[in-house]
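1. The following block contains a protein sequence and its predicted model.
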Amino acid sequence: MLDYEKFKKWFIENKPKIVIGVCFVLVFIIGFGTGRYDKESASRRAKANNNQKYYNTGSAIKPKVGAVGEATDENKVLPASTTTQCLIKGNISTKGKKIYHVPSGAFYNQVKPEQCFANEEQARAAGYVKSSR
């Protein structure tokens, strides 16, 4: 049986080894947790990059657009080449899904529009769906 005095004596003799052991365990736990966090964040970054391929402009399906110098009015869909007037950006994914991006969207600045719209109603009427981000 271990009594208090023997334990106290053993603890005092082995105190440096115990402190080193406890520090090792703490460093291991912190290091393991950090490595796991990096792995998860890398996985999230990879997933985000994979999702971006659906928002690229390199689509096999291209919409028909008007001439570059053609006059535009409120009810007309703007051709993709007139990006200075582009408020709502229409894009077709590689799978053929029509997606439109609004100025507050996450991919708005990255997307090169294939079609431009003056408002969201025009985009929906043309068969486009609002980007989820």
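-> Alright, I've got the coordinates.
2. what ranges do the helices span in the protein?
-> 4-13, 15-52, 120-125 (DSSP state H).
3. rank those helices by pLDDT, which is bottom?
-> Of all those, the minimum mean pLDDT falls on helix 15-52 (a mean of 76).
4. per-domain residue ranges of this protein.
-> 4-54, 58-133 (automatic domain parsing).
5. so residue 101 sits right up against residue 109, yeah?
-> No - contact criterion Cβ atoms under 8 Å: residue 101 and residue 109 do not qualify, at 9.1 Å. Backbone N, C-alpha and C define where each C-beta goes, glycine included.
6. more neighbours, those two?
-> With neighbours defined as other Cβ atoms under 10 Å, residue 101 and residue 109 compare such that residue 101 has more, 24 against 9.
7. Any idea what that one is bridged to?
-> Beta bridges link residue 101 to residue 89 when assigned by DSSP bridges.
8. give me every residue that touches it.
-> 55, 88, 89, 90, 91, 107, 108, 111, 113, 131 (Cβ atoms under 8 Å, 6 or more residues apart in numbering).
9. from the residues you listed, which is closest to residue 121?
-> Residue 121 has its nearest neighbour among the contacts of residue 101 in residue 88, at 9.5 Å by Cβ to Cβ.
10. Now the closest one: closest residue in space, sequence neighbours ignored.
-> Using Cβ to Cβ, 6 or more residues apart in numbering and skipping the chain neighbours, the partner closest in space to residue 88 is residue 117 (4.0 Å).
11. Against residue 99, how distant is that neighbour?
-> The gap separating residue 117 from residue 99 is 12 Å, by Cβ to Cβ, to the nearest Å.
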